[in-house]
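Colleague: Please find the sequence and the predicted model below.
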Amino acid sequence: MPEDVVDLLIIGAGAAGLLAAREVSRAGRTVALLEARNRVGGRIYTFQKGGFTAPVEGGAEFIHGDAPLTKALLREAQVPWLSTAGRNYEVQAGQVQESTDFLPDMPALLDKLQALPQDMSLADFLHTHFPGPEHQQLRERVTQFAEGYNAADARLASAFALRDEWAGGGAEDSPRPVGGYGQLMDFLQRQAQEAGAALHLATAIRQLSWQPGQVVAEDQLGHTLQARQALITVPTGVLRAHPTQPGHLAFSPELPAHRQAAAHLGFGDVIKVLLEFEEPFWPGVSAVPDLGFIFSDAPIPTWWSQRPVPRPLLTGWLGGPAATRHRHTPDAELLELALNSLAATLTVPVQQLQQQVVAHRVLNWGADPWAQGAYSYVSVEAAAARQMLSTPVEDTLFFAGEGLYEGPYTGTVEAALVSGRNAAWQILQA
């Protein structure tokens with residue numbers, strides 16, 4: 001890295017960092033954007049290699065909710081989106097049935113949640129208000145749903161936040177950007193660079209030394225770059241990483257209150273398995289015509305197709321504590337687990353699947369040193385933690401990212417973009 005002094009260093013070229021770089025550069029400030037990976041996007045990862053016949057999403061894939069900023073930027077980048085289609089199925093103990101409701105017990109749950117006088121963890125709520133063996137299935141289903149969809153640990157997840165999400169509709173139809181989110185990241189990168197931002201890829205920062213009005217970033221090769229301010233947009237998992245872990249970012253002087261705040265934010269793991277086949281065999285599986293999503297009790301429990309696009313690609317998903325338990329499982333074992341899970345879910349011989357696979361990829365986000373997890377959920381202590389991390393340190397250090405977002409789109413691309421935009425405004429006003 002050159003040793004020039006710039007106005008702003010941005011650590012991390014994910015959605016938040018890229019949008020902040022564009023906004024601050026357009027305002028006439030000098031910006032250096034530092035990214036540990038050899039690509040932009042962070043946990044947005046659209047790629048086409050390894051035998052895949054078209055772009056695939058290794059990370060973020062769907063547009064959740066109204067997502068006004070995301071959609072506005074996609075329009076600006078001239079990237080359309082397409083609603084998901086198909087029918088949803090559920091498999092329990094080998095029995096397949098069409099699923100029209102993610103949580104059939106939702107009315108009873110919401111009644112109890114609405115009457116809750118103060119927040120508590122989802123696990124405590126379920127054991128307090130739905131105790132006994134007669135509610136065991138409900139407790140299991142609700143826990144599995146929160147852990148799978150929100151990547152949440154039920155022992156930490158806010159009952160109030162889940163109440164608000166579920167009352168608002170929960171998991172409704174979520175479109176996909178046609179061709180993948182990577183196009184939006186490339187668009188923001190181009191615009192930031194056209195506005196003057198300097199992008200440094202494969203530049204992993206190991207330490208930020210700071211004092212009021214001055215920051216020095218040192219990368220893993222010992223090179224330094226100076227600035228008047230810094231915006232840290234690394235994932236929550238990186239802020240929580242132990243000093244001995246790969247990807248740890250040190251501060252000098254340290255920020256113990258900010259480390260503690262990051263530890264109190266909810267942040268979950270996800271394992272995503274992409275399987276492309278010679279042809280889409282599942283329309284021939286009589287039990288699951290017009291397959292969109294299928295949920296089961298298999299080790300990799302959730303799968304979806306690319307409908308309405310007739311592409312021979314299925315995506316497997318494991319989220320929450322179950323994914324954390326596989327942080328150190330080799331990809332080859334996860335691939336085998338995924339194939340066995342899909343075979344059991346669709347009642348298809350695993351050998352048939354293995355023979356038809358033409359491309360595969362395992363994305364274990366908890367094992368990724370530059371992510372240390374997948375995305376955020378609201379913990380009981382999240383509000384105070386977000387407030388701490390969202391407050392500038394001596395008008396010199398600023399933080400942003402989807403984990404700091406406060407609103408209805410927690411854990412989404414929208415959350416990252418809004419946080420990056422807000423941090424840019426904060427910096428320009430400082």
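Modeller: Good, I have the coordinates.

Colleague: can I assume Gly403 sits in a strand?
Modeller: No - applying DSSP: H, G, I helix; E, B strand; the rest coil, one finds Gly403 to be helix, outside a strand.

Colleague: burial measure for it, as a count.
Modeller: 31 (other CB atoms under 10 Å). C-betas here are computed from N, CA, C, even on glycine.

Colleague: residue contacts, it?
Modeller: Going by CB atoms under 8 Å, 6 or more residues apart in numbering, Gly403 touches 235-236, 262, 265, 267, 376, 386, 389.

Colleague: distance of it from Ile300?
Modeller: Separation of Gly403 from Ile300 (CB to CB, to the nearest Å): 26 Å.

Colleague: and if you look at Ser252?
Modeller: Distance from Ser252 to Ile300, by CB to CB: 42 Å.

Colleague: Leaving out the residues flanking it, which one is nearest to Arg37?
Modeller: Trp370 (6.0 Å; CB to CB, 6 or more residues apart in numbering).

Colleague: what about that neighbour, which SS state?
Modeller: Of the three states, Trp370 takes coil under three-state DSSP.

Colleague: residues near it, how many?
Modeller: 19.

Colleague: tell me the contacts of it?
Modeller: Contacts for Trp370 were tallied using CB under 8 Å, 6+ apart; they are 36-37, 42, 204, 234-235, 238, 247.

Colleague: related to what we said a few turns ago, which one of Ser252 and Ile300 is surrounded by more residues?
Modeller: Neighbour tally, Ser252 and Ile300, criterion other CB under 10 Å: the higher count belongs to Ile300, 25 against 12.

Colleague: okay, the residue lying closest to that one once chain neighbours are set aside: pLDDT?
Modeller: Here the nearest residue to Ile300 in space, its sequence neighbours aside, is Ser341; by CB to CB, 6+ apart that works out to 3.8 Å. We have a pLDDT of 97 for Ser341.

Colleague: you'd agree Ser341 is in a helix?
Modeller: Yes - using three-state DSSP, the assignment for Ser341 is a helix.

Colleague: Hmm, Ser296 and it touching each other?
Modeller: Yes - counting by CB atoms under 8 Å, Ser296 is a contact partner of Ser341 at 7.4 Å.

Colleague: Helices of the stretch 101-250 of the chain, residue ranges please.
Modeller: Secondary structure of the stretch 101-250 of the chain, counting by DSSP state H, counting those that start in this stretch: helices at 106-114, 122-129, 136-149, 159-167, 182-194, 236-239.

Colleague: tell me the most buried of the ones you listed?
Modeller: Most buried of those, by mean neighbour count (mean count of other CB atoms under 10 Å): helix 236-239, with a mean of 26.

Colleague: What's the first helix or strand after it?
Modeller: Next helix or strand after helix 236-239 toward the C-terminus (DSSP states H and E): strand 250-252.
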